[in-house]
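# attaching a predicted model along with its sequence, questions to come.
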Amino acid sequence: MAARSAITLIQQKSKSSSAEILQLRCHIRPGASKVREGVTAVTDESVELCVSAPPQDGKANKAVVEILSEILGVAKSDLQITHGMKTKDKTISIASACFRRGKDTGSSEDIVALVKEKLLRQESIEP
């Protein structure tokens, strides 16, 4: 059985147009020190994130959205946790249109590569 990819672009067909949704599969480590906050690893199966917020009352979820928004350069309102609101394994959905705004991004593979590059770049900055 094939493993699910950490970064997937999904075509959604509607009556008006066909939109693309980028899905990030993440494993979250809440309660980490502020110094370790951010992307710690990007594997084939998941993006690993550390957040300093505790896993209570949605604080860690809010921190995940804030960190990914900053790393990827998209508005927080463009990110949505679609699975895993109460678990460490989460699926975050992002409309691919926010990566195409004002940029000449060609194919779907280009968007996935761009997101992976941004995540890897942030991972390499970690101490």
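Now that the structure is in, tell me what you want to look at. Numbers count the residues shown, from 1 in each chain.
# so what touches the lowest-mean-pLDDT helix or strand in the chain?
Lowest on mean pLDDT, DSSP states H and E among the helices and strands of the chain sits helix 97-100, with a mean of 73. Outside of helix 97-100, the residues within contact range by Cβ atoms under 8 Å, 6 or more residues apart in numbering are A19, E20, L22, V74, A75, D78, T105, I111, L114, V115. Any C-beta I mention is one placed from the backbone N, CA and C, and that applies to glycine too.
# quick check: the fourth one touching I92?
No - counting by Cβ atoms under 8 Å, V74 does not reach I92; the two are 10.8 Å apart.
# so the two - more neighbours on which side?
Between V74 and I92, counted using other Cβ atoms under 10 Å, I92 has the larger neighbour count: 22 against 19.
# ok, now which ones touch that one?
Q23, L24, C26, V64, V65, L68, L79, Q80, I81, T82.
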